[in-house]
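Q: pasting the sequence and the predicted coordinates here, then a few questions.
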Amino acid sequence: ESDSLDLRQLTRAGLRRLQRQQQVSLDLSFKTKACTTILILFVGFSLCWLPHSIYSLLSVFSRGFYCSSSFYTTSACVLWLSYLKSVFNPIVYCWRIKKFREACIELLPQTIQILPKVPERIRRRIQPSTVYVCNENQSAV
């Protein structure tokens, strides 16, 4: 009796430790993905706005640069590049953030949606990334 009780306690402790390790792994994975997404957004912001900033500074401090024949054409191109940042954000969000992507798909009218809508109960069953938490009394997703 005493040996089986100790074995049960060891098994419970082992399960708790395994669950804790899985939780730490999931937290680290989430934080890594979030930091990568922020880094991508920052690089995109820099690539879109840095040329505009440099061009604006050059035009303020260099009269010859400002009076050149190609100034307005180049200025318009650089300005449009900075506007592309607004298009870049939602693309990165859809690419990197699953919940954002799902919300966008739900908001699209049925006629525009490319993929057929899968019911939630089936989608949960076919997603291998779903995390299951189990203890001796109950299990939950």
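A: Yes, it's here. Residues are numbered from 1 along each chain as shown.
Q: which other residues reach stretch 83-99?
A: 33, 36-37, 40-41, 44-45, 48-49, 100-101, 104 (CB atoms under 8 Å, 6 or more residues apart in numbering). For glycine as for every other residue, the C-beta is placed from the backbone atoms N, C-alpha and C.
Q: cool, and stretch 54-70?
A: Residues contacting stretch 54-70 (CB under 8 Å, 6+ apart): 71, 74-75, 78.
Q: in strands only, show me the residues you listed.
A: Among these, no residue falls in strands (DSSP state E).
Q: got those residues as CSV, with neighbour count columns?
A: Shown next, in CSV, are the contacts of stretch 54-70 (neighbours: other CB atoms under 10 Å):
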residue, neighbour count
Phe71, 14
Thr74, 14
Ser75, 15
Val78, 18
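Q: between these, which sits nearest Ser53?
A: Ser53 has its nearest neighbour among the contacts of stretch 54-70 in Val78, at 9.3 Å by CB to CB.
Q: gap between Val87 and Trp80?
A: The gap separating Val87 from Trp80 is 11 Å, by CB to CB, to the nearest Å.
Q: circling back to that earlier point, out of the contacts of stretch 83-99, which are buried?
A: Among the contacts of stretch 83-99, the ones that count as buried by 16 or more other CB atoms under 10 Å are 41, 44, 48.
Q: was I right to think Leu81 contacts Ser53?
A: No: in this structure Leu81 lies outside contact range of Ser53 using CB atoms under 8 Å: 11.2 Å.
Q: the two: which has the busier surroundings?
A: Leu81 (16 against 12; other CB atoms under 10 Å).
Q: looking at this, the more buried one is in a helix?
A: Yes: under DSSP: H, G, I helix; E, B strand; the rest coil, Leu81 sits within a helix.
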